[in-house]
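>>> pasted the sequence and its predicted model underneath.
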Protein chains: 2
Amino acid sequence: MHALLNGEPAADTSFLDRACQFGDGLFETLAVRHGQPCLWPLHERRLQHGCERLGLSPVDPERLLGEARAVCEGRKKGVLKIIVSAGPSAHGYRRPNELAPTRWVACGDWPSDEPWSGEGALRVRECATRLGTQPLLAGIKHLNRLEQVLARRELGEGIHEGVMCDQAGHSVEGITSNLLLLNSDGLITPSLDNAGVAGTVRQLVVENAGRLGLPLTIAPVERDMLYEAEALFMMNALMGIRPVAEFEGHDYKLNVRPPVLEQLHNMCFMFSGEIECNA
Amino acid sequence: MHALLNGEPAADTSFLDRACQFGDGLFETLAVRHGQPCLWPLHERRLQHGCERLGLSPVDPERLLGEARAVCEGRKKGVLKIIVSAGPSAHGYRRPNELAPTRWVACGDWPSDEPWSGEGALRVRECATRLGTQPLLAGIKHLNRLEQVLARRELGEGIHEGVMCDQAGHSVEGITSNLLLLNSDGLITPSLDNAGVAGTVRQLVVENAGRLGLPLTIAPVERDMLYEAEALFMMNALMGIRPVAEFEGHDYKLNVRPPVLEQLHNMCFMFSGEIECNA
């Protein structure tokens, strides 16, 4: 792993960093192809938005991109991880008056041992672990991720992803991905007002589906809507857009309106020029 | 600061530690008096309970106490902080099969710059930042503390503590403390089924109030109940049990049933033999 801590080649940090103490910060996980971080503008935009939401100064975009490229150099395929935290402080919740944020940028191996890392459609379960209701933190990719850690522990052998519901039982997202449903009216992706992470591939789809002639709705999604969908997709920056083969015993016909998946893949490729959407 | 990382004198850690990546762990903050960590059995019990809830192995109690005493040695007054995390891993939410938990034990200075660290009754506001609804994480002292960090940013000059409400508007706890109300029926402390941290001093009061002839109820608390209380207290391991002088413009008569506060203080002293409850 090639890592930079505030621009210096060092991988270690103090346990007094507020990332360790309180998860006081944000992260981004990007696919790396041929030495380049993919979907950079979308990740950078989300990170800056997260900084604003958490009351942290914006990150210098040029410097961040320079560091990202430096750690990714020569890496044919990998994962770039960025952590931006409020930096070190004494033990209390109060941030120091003079904040010295931490910027950690590291490139590691492609996670070929993850259940979703192969090819083909996904087998999916619903997690018993539900997302908390917290509008103040919904949407951003902050470092408080115990819910995802607990949900991930539920996944059994041969299951690729889990759907997480909110406290009211709505289907919000996957443990590491966003949901996309196709029905006769077009595409639907769950709203993320009270919980969930606004993924970059989701963002790409939201911004561009109209150009494909596929109307997209952002709305609360009931579990039944997953069963009733013509097709169900899960998407994130590493796996791209992947069809779901089975969700809780319900099988999806994978060849229903096949052009839609192709269109989505093309769109991702067209607008990012980068991510590989291996179905 | 005197710190031990897995028993070795080192303060730094990898950013791949799951504490940094996801807040995947727990912490404890203890008062230190005359070289001894105060209320040790209650803190140790909560930590072990937290490990169980998060699916982490129990911590070896003898070893932990030995390390705590080692870092506290010679410290007349200070703060002991313990972090137990799921240890290092690659980037994903999945914990490694062979978990190597991290144990960080450190003693630092008494936080004399915290607004509550002086003497006397507290001036308190209600925070706009609300606690999320998440029964799976309620009660334990886990490392996902962005809500407290955001709430702490709201406290203005001369305000000692903030009351945090849940999503339904119930008063759950202080940013760093638990609530205790006194009314004609006895003591009430808010229930922590959906949000909040079960503090050690709260636990001490819950277990022992009966011996003082003070019936204690654990129940959801509406904001109006705070205004209507004869007396309001806030309590944690560092400040002990402190009376509130004013909450959102409502002044409390601090000499109403003064023996109650004295009784509470005596109880803390009696059952812990350690903590200083400076009113």
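Received the coordinates, thanks. Remember, it's a predicted structure, so these values are computed and weren't measured experimentally. Numbering: from 1, shown residues only, chains lettered A, B, ... in the order given.
>>> so which residues of the stretch 51-200 of chain A form helices?
A:61-72, A:146-152, A:200-208 (DSSP state H, counting those that start in this stretch).
>>> next, the buried residues of the longest one.
This points to helix A:61-72. Judged by neighbour count using 16 or more other CB atoms under 10 Å in any protein chain shown, the buried positions of helix A:61-72 are A:Leu64, A:Leu65, A:Glu67, A:Ala68, A:Arg69, A:Val71, A:Cys72. For the C-beta atoms, the positions are set from N, CA and C on the backbone; glycine is no exception.
>>> which residue comes closest to the third one once chain neighbours are left out?
In this case it means A:Glu67. If you skip the residues right next to it in sequence, A:Glu67 has A:Val105 as its closest partner in space, 4.4 Å away by CB to CB, 6 or more residues apart in numbering or on different chains.
>>> can you pull the contacts of that neighbour?
Under the criterion of CB atoms under 8 Å, 6 or more residues apart in numbering or on different chains, the contact partners of A:Val105 comprise A:Ala3, A:Leu4, A:Leu64, A:Glu67, A:Ala68, A:Ala70, A:Val71, A:Leu80, A:Lys81, A:Ile82.
>>> the last one pairs with what?
Which is A:Ile82. For A:Ile82, the residues forming beta bridges with it (DSSP bridges) are A:Glu28, A:Val105.
>>> looking at the helices of the stretch 51-200 of chain A, which is nearest to B:Pro220?
Nearest to B:Pro220, of all the helices of the stretch 51-200 of chain A, is helix A:146-152, at 23.1 Å by CB to CB.
>>> can the closest one be said to contact chain B?
Yes. Judged by CB under 8 Å from any CB of the partner chain, helix A:146-152 and chain B are in contact via A:Leu146, A:Glu147, A:Gln148, A:Val149, A:Leu150, A:Ala151, A:Arg152.
>>> still on that earlier bit, can I get the buried residues of helix A:61-72 in CSV with pLDDT?
Written out in CSV, the entries for the buried residues of helix A:61-72 read as follows (pLDDT from 0 to 100):
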residue, pLDDT
A:Leu64, 98
A:Leu65, 97
A:Glu67, 98
A:Ala68, 97
A:Arg69, 97
A:Val71, 97
A:Cys72, 96
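>>> distance between the ends of stretch A:101-115?
34 Å (CA to CA, to the nearest Å).
>>> go through that stretch and flag the buried ones.
The neighbour-count check on stretch A:101-115 (16+ other CB under 10 Å) flags A:Pro101, A:Thr102, A:Arg103, A:Trp104, A:Val105, A:Ala106, A:Cys107, A:Gly108, A:Trp110, A:Pro111, A:Glu114, A:Pro115 as buried.
>>> relative to chain B, which of these is nearest.
The shortest separation between chain B and any of the buried residues of stretch A:101-115 is 4.8 Å, and it belongs to A:Trp104 (by CB to the nearest CB).
>>> so that closest one is in contact with A:Leu80, correct?
No. Using CB atoms under 8 Å, A:Trp104 makes no contact with A:Leu80, being 11.1 Å away.
>>> tell me, what's the model's pLDDT at the closest residue to A:His91 other than its chain neighbours?
Leaving aside its chain neighbours, A:His91 sits nearest to B:Lys81 (5.1 Å; criterion: CB to CB, 6+ apart). If you check B:Lys81, the pLDDT there is 96.
>>> burial of the closest residue to A:Thr133 other than its chain neighbours, as a residue count?
The spatially closest residue to A:Thr133, leaving aside those adjacent along the chain, is B:Thr133, at 4.2 Å (CB to CB, 6+ apart). Burial of B:Thr133, expressed as a neighbour count using other CB atoms under 10 Å in any protein chain shown, amounts to 22.
>>> now do A:Ala90
Counted by other CB under 10 Å, the residues lying close to A:Ala90 total 16.
>>> now do the contacts for the residue lying closest to A:Arg95 once chain neighbours are set aside.
With CB to CB, 6+ apart as the criterion, A:Arg95 has its nearest non-adjacent residue at 5.5 Å, and that residue is A:Ala86. For A:Ala86, the contacting residues are A:Arg18, A:Ala19, A:Asp24, A:Gly25, A:Leu54, A:Leu56, A:Arg95, A:Leu99, A:Pro101, A:Thr102, B:Val149, by CB under 8 Å, 6+ apart.
>>> one more time with 6 Å
In this structure, A:Ala86 makes contact with A:Arg18, A:Asp24, A:Gly25, A:Arg95, A:Leu99, judged by CB atoms under 6 Å, 6 or more residues apart in numbering or on different chains.
>>> same question, A:Cys107
Contacts of A:Cys107 by CB under 6 Å, 6+ apart are A:His2, A:Val71, A:Cys72, A:Arg75, A:Gly78, A:Leu80.
>>> B:Thr176: which of those is nearest?
Scanning those for proximity to B:Thr176, where the rule is CB to CB, the winner is A:Leu80, at 35.8 Å.
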